[in-house]
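Enquirer: Give me the fold of what follows.
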Amino acid sequence: MDKIVSKIVALGVPGLVLITAIGATGLAGGAAITAALAALGPGGMIGGIVTLGAIGLISEAITEYGVDTIFKAVVTELYRRGETKESLLTKISKYPVSNNLKLKLKESIQHLEKSNNVKGSDEQL
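Expert: Now for the predicted structure:
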């Protein structure tokens, strides 16, 4: 058991996700791994492997910077890429996060809009 646990620990969060997916298949052996990977992402097993990689990157970022910082950075980038204030506010209200975080995200959007208006008026001068 210790050997297995140490190998799963080496995989980190993606290892836990894979174990959960394998357990949910109800299968055993190679069929369980194949079915779990296929279920994890679009594109069959390859998509599942890519999904596990993305989970690893995201969990590393959350560990380093925290959930609040990552959420704010994503919302900021969406705004910079042309999302409207209204569409972002609608998306935020649907996010499965705490009301406190929703409030922080909404405040950061208000701040972004004000700073962009100031930049736009400076550019016109």
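
Enquirer: so where's the protein uncertain?
Expert: Applying pLDDT under 70 to the chain flags the ranges 113-125.

Enquirer: can you give me the strands for this structure?
Expert: Ranges of strands within the chain: none, based on DSSP state E.

Enquirer: Just give me the residue closest to the centre of it.
Expert: Centroid-nearest residue in the chain: residue 58, 5.7 Å away (criterion: CA atoms, centre = their mean).

Enquirer: Please report how far it lies from residue 37.
Expert: In this structure, residue 58 and residue 37 are 18 Å apart, going by CB to CB, to the nearest Å. To be clear about C-beta, it is placed using only N, CA and C from the backbone, and glycine gets the same treatment.

Enquirer: Pull the contacting residues for residue 101.
Expert: Contacts for residue 101 (CB atoms under 8 Å, 6 or more residues apart in numbering) come out as 67, 68, 71, 95.

Enquirer: at 10 Å instead, please
Expert: Shown in contact with residue 101 (CB atoms under 10 Å, 6 or more residues apart in numbering): 67, 68, 71, 72, 92, 95.

Enquirer: Give me the neighbour count for the second one.
Expert: By that I understand residue 68. 16 (other CB atoms under 10 Å).

Enquirer: ok, back up a step: give me the number of neighbouring residues for the closest residue to the residue nearest to the centre of the chain other than its chain neighbours.
Expert: Nearest residue to residue 58 in three dimensions, chain neighbours excluded: residue 70, at 7.8 Å (CB to CB, 6 or more residues apart in numbering). Using other CB under 10 Å, the number of residues around residue 70 comes to 14.

Enquirer: With residue 73 instead?
Expert: So residue 73, with other CB under 10 Å, has 13 neighbours.

Enquirer: Check whether it really touches residue 61, as I assumed.
Expert: Yes: assessed by CB atoms under 10 Å, residue 73 is found in contact with residue 61 at 9.1 Å.
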